[in-house]
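Asks: What follows is a predicted protein model with its sequence.
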Amino acid sequence: MMNPLTPEDHFITILRDHRKLIYKVCHSYTANKDDFKDLEQEICIQVWKALPKYDAAYKLTTWMYRIALNTAISFYRKEKRKPHYSLLDGQILEMIPDTSRERDTELEHQIQLLHQFIEKLGEVNKALILLYLEEHSYKEIAEILGISESNVATKISRIKILLKKQFSNHN
């Protein structure tokens, strides 16, 4: 007879199985390594706190996304209110030589632009488009974000129009 998982073991298993999900959310909502680590830790804390209330009627991935995105949105709002100081005023990346330029293609450029445009979206729209790009169904996105499927469809349509317009203006 196997011993059932302890809450700690279950928690560690969930984090290990959903590491990529947490990484994607943290990457989408932070601008530097320290904030990434802080957000990652906060998501883990919120998962631990919510674990006893997990309802197995919901997919674990949906539950994890809801916690991770809600935590990220709260973190993002809190970070926006803090003053940020930088000696280089955000220009450090321009000073570092990029050795990967040999493989620079038009597709890579378009993907980079897409990421820049997504960064400018509000926190909820950013979460929505992140889930959409990961090919979640409208139903799953609605469950994760706590909005209706028709609202998901409307918002995605509007975001697509906005992104197309930004690409047109850029070219």
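Replies: Now that the structure is in, tell me what you want to look at. Remember, it's a predicted structure, so these values are computed and weren't measured experimentally. Numbering: from 1, shown residues only.

Asks: Contacts for stretch 154-165, please.
Replies: 114, 117, 118, 121, 125, 128, 129, 132, 138, 147 (C-beta atoms under 8 Å, 6 or more residues apart in numbering). Where C-beta positions appear, they are placed from N, C-alpha and C, glycine not excepted.

Asks: For that stretch, output the C-alpha coordinates as PDB.
Replies: Taking Å, rounded to 0.1, in the frame of the first residue of the first chain, the C-alpha atoms of stretch 154-165 are listed here in PDB:
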ATOM      1  CA  THR A 154     -14.500  40.400 -27.800                       C
ATOM      2  CA  LYS A 155     -11.300  41.300 -26.000                       C
ATOM      3  CA  ILE A 156      -9.100  39.100 -28.200                       C
ATOM      4  CA  SER A 157     -10.700  40.600 -31.300                       C
ATOM      5  CA  ARG A 158     -10.000  44.100 -30.100                       C
ATOM      6  CA  ILE A 159      -6.400  43.200 -29.100                       C
ATOM      7  CA  LYS A 160      -5.800  41.600 -32.500                       C
ATOM      8  CA  ILE A 161      -7.000  44.800 -34.200                       C
ATOM      9  CA  LEU A 162      -4.800  46.900 -31.900                       C
ATOM     10  CA  LEU A 163      -1.700  44.800 -32.600                       C
ATOM     11  CA  LYS A 164      -2.300  44.800 -36.400                       C
ATOM     12  CA  LYS A 165      -2.600  48.600 -36.200                       C
END
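
Asks: Tell me the buried residues in that stretch?
Replies: For stretch 154-165, a neighbour-count test (16 or more other C-beta atoms under 10 Å) marks 155, 156, 159, 163 as buried.

Asks: Residue 153: what secondary structure?
Replies: Secondary structure, DSSP: H, G, I helix; E, B strand; the rest coil: residue 153 is helix.

Asks: from now on call the first residue 10
Replies: Right, with 10 as the first residue, what we last looked at is residue 162.

Asks: what's near enough to touch the nearest residue to it once chain neighbours are set aside?
Replies: Setting aside the residues directly before and after it, residue 162 is nearest to residue 147 in space (C-beta to C-beta, 6 or more residues apart in numbering), at 5.8 Å. Applying C-beta under 8 Å, 6+ apart to residue 147 gives the contacts 158, 161, 162, 165.

Asks: Quickly note the distance from the last one to residue 136.
Replies: What it means is residue 165. Residue 165 sits 12 Å away from residue 136, going by C-beta to C-beta, to the nearest Å.

Asks: For residue 54, state which of the contacts of residue 147 is nearest.
Replies: Top of the list for closeness to residue 54, among the contacts of residue 147 and by C-beta to C-beta, is residue 161 at 28.1 Å.
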